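J.: need a structure here:
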Amino acid sequence: MTLSPTERRLQALPSTMWQHLTMDRDITFTIGPEAKPVDAMARATAFARRTLPMLLKDAPGTAVAAGSAIKVLAELVDITARDRHSTDVLGRVAFDGAHITVSVGEMSSSLPSPDEEPGLYLVRGLTDDIGQYGGDEGGHVTWASVPL
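T.: Numbering: from 1, shown residues only. Model (predicted):
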């Protein structure tokens, strides 16, 4: 097998560096159309409770942030499941060492103001930034950043 120069350099790295380069620091999930909003919230939070410890492994001071991320995830899944653009609710939780970013899609409409959606008071109170972008299915993906 012939390796490119880049592949040869990557293979020459110590194994710990190689693991660090290839290790994913995100979890994704899909909840199908059969799940009502309350069921979608329960499934998403149960999945996050099981997988967040692996995602945050060895990171100091993440217990409080993980709890906040689960609350944010529940609220975003709830509003997305009530206003679905596509059949499935798609979610992602990512960790970059300083923040836990939760993204859930796809909503039919843009993010409601806090006055229109009481659940967003919790989301806005636990995060340092929140926003939306256009999703692959034509809806809106909502993301929120929970600081450590």
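J.: from the chain's centre, how far out does the host helix or strand of residue 39 sit?
T.: Residue 39 belongs to helix 37-55 when assigned by DSSP states H and E. Relative to its parent chain, helix 37-55 has a centroid offset of 11 Å by C-alpha atoms, centre = their mean, to the nearest Å.
J.: Ok, stretch 43-60 next?
T.: When C-alpha coordinates are averaged (C-alpha atoms, centre = their mean), stretch 43-60 and its chain have centres 11 Å apart.
J.: One more: stretch 41-61?
T.: For stretch 41-61, the gap between its own C-alpha mean and the chain's C-alpha mean amounts to 10 Å (C-alpha atoms, centre = their mean).
J.: quick one: buried residues of it?
T.: Using 16 or more other C-beta atoms under 10 Å as the test for burial, stretch 41-61 gives 41, 43, 44, 45, 47, 48, 52, 55, 56, 59. All C-beta atoms are positioned from the backbone trio N, CA, C, and that covers glycine.
J.: just curious, which of those is nearest to residue 134?
T.: When the buried residues of stretch 41-61 are compared for distance to residue 134 (C-beta to C-beta), residue 44 comes out closest, at 21.8 Å.
J.: Just give me the neighbour total for the closest residue to that closest one other than its chain neighbours.
T.: In this structure, residue 44 finds its nearest non-sequential neighbour in residue 77, 4.5 Å apart by C-beta to C-beta, 6 or more residues apart in numbering. For residue 77, the neighbour count with other C-beta atoms under 10 Å is 28.
J.: How about the secondary structure of residue 77?
T.: Put simply, residue 77 is helix when judged by DSSP: H, G, I helix; E, B strand; the rest coil.
J.: now the one 3 residues further on
T.: Look at residue 80: counting by three-state DSSP, its state is helix.
J.: Check whether it really touches residue 137, as I assumed.
T.: No - judged on C-beta atoms under 8 Å, residue 80 makes no contact with residue 137 at a distance of 11.9 Å.
J.: ok, the two, which is more surrounded?
T.: residue 80 (27 against 15).
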